[in-house]
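Trainee: Kindly generate the corresponding structure for this input.
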Amino acid sequence: MLRLFQQIALWEAISTVLLFFLAMPLKYFGDIPEAVRIAGSIHGFLVVIFVVMLIVCTIEYKWSLMKAAKYFVVSLIPIASFWVEVDLKKEIIKSKKGVA
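Mentor: Model (predicted):
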C-alpha cells in the first residue's frame with residue numbers, strides 16, 4: 001500500500017508542476033484555455049486519490065495525526081510536494097528492514 005501511495009504522491013506532484021508551469025502559461029500566454037481544463041482535471045483527480053490514500057495509510061500504518069497533517073499540507077505546496085514521495089520511499093525501506 002505504501003508503494004501505491006508513493007506512486008500517487010509522485011504523480012500528484014508532477015501534475016502540480018505541469019499545471020502551474022505548462023498548462024497555465026499555455027492558457028494565459030498561448031490563449032489555450034483547454035490546457036488548464038485538462039491538466040486541472042487530472043490534477044484534481046490525483047489530489048482526491050492522494051487524500052484517500054493518505055487517510056487509508058494513516059489508519060493502516062497507525063501514523064500520527066501530525067504526520068498525516070504534514071503530508072497533506074506539504075502536498076498543497078508546488079514543488080515541495082515531491083518531499084512526500086521521497087519520505088514515503090524512506091518509509092518503504094524502513095518497513096522492509098523491519099520485515100526482513
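
Trainee: Next one: residue 49 relative to residue 33, how far apart?
Mentor: 25 Å (C-beta to C-beta, to the nearest Å). C-beta coordinates here come from the backbone N, C-alpha and C atoms, glycine included.

Trainee: can I get the CA coordinates of the one helix or strand in the chain whose mean pLDDT sits lowest in CSV?
Mentor: When the helices and strands of the chain are scored by mean pLDDT, DSSP states H and E, helix 82-99 comes last with a mean of 85. Taking Å, rounded to 0.1, in the frame of the first residue of the first chain, the C-alpha atoms of helix 82-99 are listed here in CSV:
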residue,chain,number,x,y,z
PHE,A,82,7.9,15.9,-4.0
TRP,A,83,9.1,15.6,-0.4
VAL,A,84,6.1,13.4,0.4
GLU,A,85,7.2,10.9,-2.3
VAL,A,86,10.8,10.9,-1.1
ASP,A,87,9.7,10.5,2.6
LEU,A,88,7.4,7.6,1.6
LYS,A,89,10.4,5.9,-0.1
LYS,A,90,12.2,6.0,3.2
GLU,A,91,9.1,4.6,4.9
ILE,A,92,9.0,1.7,2.5
ILE,A,93,12.7,1.0,3.0
LYS,A,94,12.2,1.1,6.8
SER,A,95,9.2,-1.3,6.6
LYS,A,96,11.2,-3.7,4.5
LYS,A,97,14.0,-3.8,7.1
GLY,A,98,11.5,-4.4,9.8
VAL,A,99,10.0,-7.4,8.0
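
Trainee: buried ones in that helix?
Mentor: 82-85, 87-88, 91 (16 or more other C-beta atoms under 10 Å).

Trainee: could those residues go into TSV alongside distance to residue 40?
Mentor: Listed next are those as TSV, based on distance: C-beta to C-beta, whole Å:
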residue	distance to residue 40
82	20
83	23
84	20
85	21
87	26
88	25
91	29
